[in-house]
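Q: got a predicted structure plus its sequence, pasted below:
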Amino acid sequence: MSFHPRIRSVRVLSASFLLLSTVVLLGAVTLAQDVEAPKYEIFVGYQWLHPGATVPAPFGNYNAPTGLKLPDMAAGFGTAFTYNFQKYFGLEGDFGHNWDNYETTLSTGPKLTFRTEEANYFLHTLLSYNRLNVNGLPTGNGIGAILGGGMDLHVTHNFSLRLFEADYVWARQNYASVVSSAFPDLRRVTLEGVRLRTGLVFNWGYPELVTPSASCSVQPNEVMVGEPITATAATTNFNPKHTLNYAWSGTGGKVTGKDNTASIDTTGVAGGNYTVTANITDPKKKTGGEATCTANYTVKEPPKNPPTMSCSASPSDLQAGGSATITCTCTSPDSVPVNVGNWTASSGSISGTGSTATLNTTGASAGPVTVSATCTDSRGLTSQASTQVTVENAPPPPPPQASKLAECGFENMAKIKKPWRVDNECKGKLDDVAKNLQQNADNRLVIVGNAEPTETRKNLAAERAVNSKAYLTGGEAKLGIDPSRIETRTGSAGSMTAEYWIVPAGGTFSEAGTQPVDESVVKAVPDHPHAAAPRNKKKTTP
């Protein structure tokens with residue numbers, strides 16, 4: 001039983017190889033990419049084998065056999081054929097042979113492959129026919145299994161280099177013809193070996209290569225400056241499970257992309273034809289994972305119509321020295337901002353801001369004054385408009401009006417039964433009136449006499465006016481006022497008064513309710529009228 005420690009060593013070595021393969025393959029899982037898989041794979045290469053078994057020594061005693069540890073078999077080759085049902089899973093047939101006490105395996109079983117752009121990592125589990133030939137012992141045919149994996153490094157699309165393959169090789173051989181049943185470990189031998197391979201892998205039967213493509217569209221494809229556009233990219237023949245990268249660019253406007261759509265801001269873009277481009281890439285594919293598409297769009301500049309403008313004046317007619325308000329209305333047919341300014345006037349002075357200005361006609365000659373303004377839109381387009389204000393000469397000053405200088409009352413004289421008489425108080429006022437007439441030779445005087453309705457004396461109002469005139473033209477004061485400068489009238493004031501109105505040169509007297517006095521009929525009443533002559537008495541005959 002001295003061979004048991006050796007068997008354990010082989011098992012440890014085999015387990016180490018399998019652990020290494022498992023670590024490598026697990027690492028490959030994280031790197032696995034969605035790459036194309038060939039339909040068929042053929043491996044041809046070198047094989048090194050550590051049988052991992054102790055067999056009966058050749059030509060030994062049947063009842064007292066000794067063990068022979070099989071040496072490593074450095075000379076060998078291997079080949080395998082794999083049919084891939086899909087990218088990860090295939091069915092493998094394997095053949096391996098080593099010389100120097102040869103061991104041959106013929107195996108089949110499933111193969112699991114993880115594929116990247118640079119390499120493939122695989123695991124396989126194979127059931128085997130195991131044939132072992134040791135010189136001096138009968139050739140054994142047994143069953144076995146192979147468990148392991150490896151790494152293939154891509155060289156070209158159809159050619160790879162198997163960097164390594166490490167397998168655990170297990171088999172059972174029966175030496176009952178040369179070993180007694182008293183020695184079961186030598187009678188039925190278990191092989192627990194390690195197989196290492198390297199070589200070439202040939203791949204073919206790839207699916208037909210389909211080139212990814214893309215198409216771009218814009219909506220709308222014709223806009224005015226400042227209006228937005230939405231661009232969309234549609235892809236074909238890309239792997240639908242992969243997240244694609246989109247890079248957007250354009251020849252006009254600001255392009256902002258997100259995934260398969262992009263927005264185009266045409267603010268400030270000159271009118272013309274432009275192109276938006278999308279470059280689509282599959283980050284999981286190094287080759288054959290890219291497509292580009294373009295779409296055309298047109299940006300139109302808005303129509304450049306000049307603004308329309310009209311002006312008006314209020315008032316449109318005024319006298320020299322007056323002011324008028326000028327208002328201009330300006331609009332843009334293209335709905336852009338406008339501004340009114342550059343006010344001018346052919347005469348007078350103009351001042352204003354915005355759409356309103358004030359015309360001052362001080363110093364302007366009589367006639368039309370033209371006021372103009374300019375309207376400018378935000379694009380620099382202009383239009384002008386004007387209006388006219390008619391300046392008239394100032395009218396002549398109104399004729400001077402009569403003004404009442406004084407007034408006399410006749411109440412006291414009415415009490416003594418002389419209601420027509422000009423008393424001393426009234427004479428004092430008339431002296432002042434006379435002084436005004438003497439100092440202003442062009443002034444005239446209008447005397448308006450009034451009477452109360454209860455006064456019954458005929459022509460009493462006229463007598464009060466005529467008596468006042470008589471005092472000014474003659475009278476005891478000898479004032480000597482020219483009678484032609486004095487007009488007498490009666491009024492409707494309904495009072496015991498006489499009013500004295502000074503009329504300047506060129507002036508008129510226009511007090512309503514007065515009537516001229518007919519001085520041929522109404523005469524001045526003296527203060528002391530002569531007593532009437534007695535009527536002649538008829539002589540009586542004695």
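A: Thanks, I have the structure now. Numbering: from 1, shown residues only.
Q: helix or strand: which one has N412?
A: Using DSSP states H and E, N412 sits in helix 411-415.
Q: any idea of the mean pLDDT in that helix?
A: Across helix 411-415, pLDDT averages out at 90.
Q: restricting to C-alpha, output it in CSV.
A: Coordinates of each C-alpha in helix 411-415 appear next as CSV, following Å, rounded to 0.1, in the frame of the first residue of the first chain:
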residue,chain,number,x,y,z
GLU,A,411,-81.8,158.4,-2.9
ASN,A,412,-81.2,161.6,-0.9
MET,A,413,-82.5,163.8,-3.6
ALA,A,414,-85.5,161.7,-4.0
LYS,A,415,-86.3,162.3,-0.3
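Q: list the buried ones in stretch 480-495?
A: Neighbour-count burial for stretch 480-495 flags I481, R485, I486, E487, T488, R489, T490, G491, A493, S495 (criterion: 16 or more other C-beta atoms under 10 Å). (Each C-beta comes from the backbone N, C-alpha and C, glycine too.)
Q: closest to G289 among the residues you listed?
A: G289 has its nearest neighbour among the buried residues of stretch 480-495 in A493, at 119.4 Å by C-beta to C-beta.
Q: contacting residues for the nearest residue to that closest one once chain neighbours are set aside?
A: Spatial nearest neighbour of A493, excluding adjacent residues (C-beta to C-beta, 6 or more residues apart in numbering): N450 at 4.2 Å. Residues in contact with N450 (C-beta atoms under 8 Å, 6 or more residues apart in numbering) are A461, R464, T490, G491, S492, A493, G494, S495, M496, T497, A498, E499.
Q: pretty sure the fourth one sits against V448.
A: Just to be clear, that refers to G491. Yes: counting by C-beta atoms under 8 Å, G491 touches V448, with 4.1 Å between them.
Q: hang on, the earlier thing: got CSV for the contacts of N450, with distance to R188, secondary structure and pLDDT too?
A: Shown next, in CSV, are these (distance: C-beta to C-beta, whole Å; DSSP: H, G, I helix; E, B strand; the rest coil; pLDDT from 0 to 100):
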residue, distance to R188, secondary structure, pLDDT
A461, 175, helix, 91
R464, 177, helix, 93
T490, 173, strand, 94
G491, 168, coil, 93
S492, 166, coil, 92
A493, 166, coil, 91
G494, 167, coil, 92
S495, 169, coil, 93
M496, 174, coil, 94
T497, 170, strand, 94
A498, 174, strand, 94
E499, 168, strand, 95
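Q: so can I have JSON lines of these showing distance to T236?
A: Formatted as JSON lines, these follow (distance: C-beta to C-beta, whole Å):
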{"residue": "A461", "distance to T236": "122"}
{"residue": "R464", "distance to T236": "125"}
{"residue": "T490", "distance to T236": "120"}
{"residue": "G491", "distance to T236": "116"}
{"residue": "S492", "distance to T236": "114"}
{"residue": "A493", "distance to T236": "115"}
{"residue": "G494", "distance to T236": "116"}
{"residue": "S495", "distance to T236": "118"}
{"residue": "M496", "distance to T236": "124"}
{"residue": "T497", "distance to T236": "120"}
{"residue": "A498", "distance to T236": "122"}
{"residue": "E499", "distance to T236": "116"}
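Q: list the buried residues in the helix holding N412.
A: Quick answer for helix 411-415 (16+ other C-beta under 10 Å): M413, A414.
Q: go on, stretch 329-344?
A: Neighbour-count burial for stretch 329-344 flags C330, S332, V338, V340, W343 (criterion: 16+ other C-beta under 10 Å).
Q: what's the following helix or strand after the least confident helix or strand in the chain by mean pLDDT?
A: When the helices and strands of the chain are compared on mean pLDDT, DSSP states H and E, helix 4-31 comes out lowest with a mean of 47. Following helix 4-31 in sequence order, the next helix or strand is strand 40-50 (DSSP H and E).
Q: for that next one, what is the average pLDDT?
A: 97.
Q: for that strand, buried residues please.
A: Neighbour-count burial for strand 40-50 [16+ other C-beta under 10 Å]: E41, F43, G45, Q47, W48, L49, H50.
Q: wait, the second one touches G199, no?
A: Yes: with contact defined as C-beta under 8 Å, F43 reaches G199; the gap is 6.0 Å.
Q: burial count for S372?
A: Neighbours of S372 under the rule other C-beta atoms under 10 Å: 17.
Q: list the contacts for the nearest residue to it once chain neighbours are set aside?
A: Nearest residue to S372 in three dimensions, chain neighbours excluded: S386, at 4.0 Å (C-beta to C-beta, 6+ apart). Taking C-beta under 8 Å, 6+ apart, we find S386 in contact with C311, T370, V371, S372, A373.
Q: what about the first one, how many residues nearby?
A: Right, C311. 22.
Q: so what pairs up with it in the strands?
A: C328 (DSSP bridges).
Q: show me what contacts it?
A: Counted by C-beta under 8 Å, 6+ apart, C311 has contacts I326, T327, C328, T329, V371, S372, A373, A385, S386, T387.
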